[in-house]
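Asker: Based on what follows, work out the 3D shape:
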Amino acid sequence: MQPNHILALLYDYVVETRAWKMPAGRSVATSHLMDAVAEHYGTTIYQTPVGFKYIGELIEQDKIALGGEESAGLSIPGTFRKKDGILACLLVAEMVAVRGASLASSYARCSNALAANTGRCELIFTCRRTSRPRQSRG
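Answerer: Numbering: from 1, shown residues only. So this is what the prediction gives:
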């Protein structure tokens, strides 16, 4: 799964489970998937120049619930204002545990909800195996 997908999923997760109905922030180089999540929840997106310091400033000013870049570095209020890949991994693990669903299932649910509520069909992606199961030769 691509970092842009993770950012959208985590934004959906923190808005839904922590009731952080606040905008998110993303760099100009990051996809617009987070925008669709914001639209779904009636919030907005701050688009920043490349460089996490701009997102860090938004977090410091309590303007966003989550900020991230295409590299999958992100931050949330109450943590470091520097991009943190470890935090992203911990939030993904928390999301999987709390929702009781795999990452692929969570993404499918989110994509379907976004497409249904925003009419943005391009948001539906399918998760594909990167390798095929071995077939026995017998």
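
Asker: Quick one: classify residue 47 as helix, strand or coil.
Answerer: Classification of residue 47 by DSSP: H, G, I helix; E, B strand; the rest coil places it in strand.

Asker: Which strand residues bridge it?
Answerer: residue 26 (DSSP bridges).

Asker: Go ahead and measure how far the host helix or strand of residue 40 is from the middle of the chain.
Answerer: Here residue 40 sits within helix 33-41, counting by DSSP states H and E. Centroid displacement of helix 33-41 relative to its chain, using C-alpha atoms, centre = their mean, to the nearest Å, is 10 Å.

Asker: could you check the angle helix 33-41 makes with the lowest-mean-pLDDT helix or strand in the chain?
Answerer: The helix or strand of the chain with the poorest confidence is helix 103-118; it has a mean of 75 (mean pLDDT, DSSP states H and E). On the basis of axes from the mean of the first three to the mean of the last three C-alpha atoms, to 10 degrees, helix 103-118 is oriented at 60 degrees to helix 33-41.

Asker: Tell me which other helices or strands helix 103-118 touches.
Answerer: Packing partners of helix 103-118 (3 or more C-beta pairs under 8 Å, 6 or more residues apart in numbering; DSSP states H and E): helix 3-18, helix 33-41, helix 85-99. Using the backbone N, CA and C atoms, a C-beta is placed for each residue, glycine as well.
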